[in-house]
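Visitor: Attaching a predicted model along with its sequence, questions to come.
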Amino acid sequence: QVQLVESGGGLVQAGGSLRLSCVASGRTFSTYHMGWFRQAPGKEREFVAAISRGGAITNYADSVKGRFTISRDNAKNTVSLQMNSLKPEDTAVYFCAASTSEVATMTPVDYWGQGTQVTVSS
């Protein structure tokens, strides 16, 4: 069993930055690909970014490429998402996810965090 706890969400103006963090419980963190998804009101949850078990491979949704950076620290059981040049359309609840399937899609997800709200004002 893995528990994921996100932090770092908040309200920011367009063009600003936020850094999300997710801390995982347990001793098996390095066996999971880790990722971030988001869900805006009235929309389906969508993939944002993922990073492989050792951190060598990353994958991003086209909508965030060049603006968001995913990273992980296996010694601290932490995965982070640095979000720069934020846009109002980035407003959503962001979820941390752990998966043992392929890092390209993170499908299916084995564990979800509870989510953290990110709001970008125009």
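Guide: Good, I have the coordinates.

Visitor: What segments of the protein are strands?
Guide: Secondary structure of the chain by DSSP state E: the strands cover 4-7, 10-13, 18-24, 33-39, 46-51, 58-60, 68-73, 78-83, 92-99, 111-112, 116-121.

Visitor: now L81, nearest residue through space, not along the chain?
Guide: Nearest-residue entry for L81: L20, 4.3 Å, with adjacent residues in sequence omitted and distances by C-beta to C-beta, 6 or more residues apart in numbering. All C-beta spots, glycine's among them, are computed from the backbone N, C-alpha and C.

Visitor: quick one on the thing from earlier: quick one, which of the strands of the chain is nearest to T105?
Guide: strand 46-51 (7.0 Å; C-beta to C-beta).

Visitor: Which residues does the residue nearest to L86 when sequence neighbours are not counted form beta bridges with?
Guide: Take L86 and drop its neighbours on the chain: the residue closest to it by C-beta to C-beta, 6+ apart is V120, 4.6 Å away. Judged by DSSP bridges, the bridge partners of V120 are V12.

Visitor: picking up where we left off before, redo the strands of the chain as TSV? Include mean neighbour count.
Guide: Formatted as TSV, the strands of the chain follow (neighbours: other C-beta atoms under 10 Å):
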stretch	mean neighbour count
strand 4-7	18
strand 10-13	13
strand 18-24	20
strand 33-39	24
strand 46-51	22
strand 58-60	18
strand 68-73	18
strand 78-83	22
strand 92-99	22
strand 111-112	16
strand 116-121	17
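
Visitor: mind giving me TSV with these and columns for distance to T105 and mean pLDDT?
Guide: Formatted as TSV, the strands of the chain follow (distance: least, C-beta to C-beta, whole Å; pLDDT from 0 to 100):
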stretch	distance to T105	mean pLDDT
strand 4-7	18	96
strand 10-13	28	98
strand 18-24	19	98
strand 33-39	9	97
strand 46-51	7	97
strand 58-60	8	96
strand 68-73	15	98
strand 78-83	17	98
strand 92-99	9	97
strand 111-112	15	96
strand 116-121	22	98
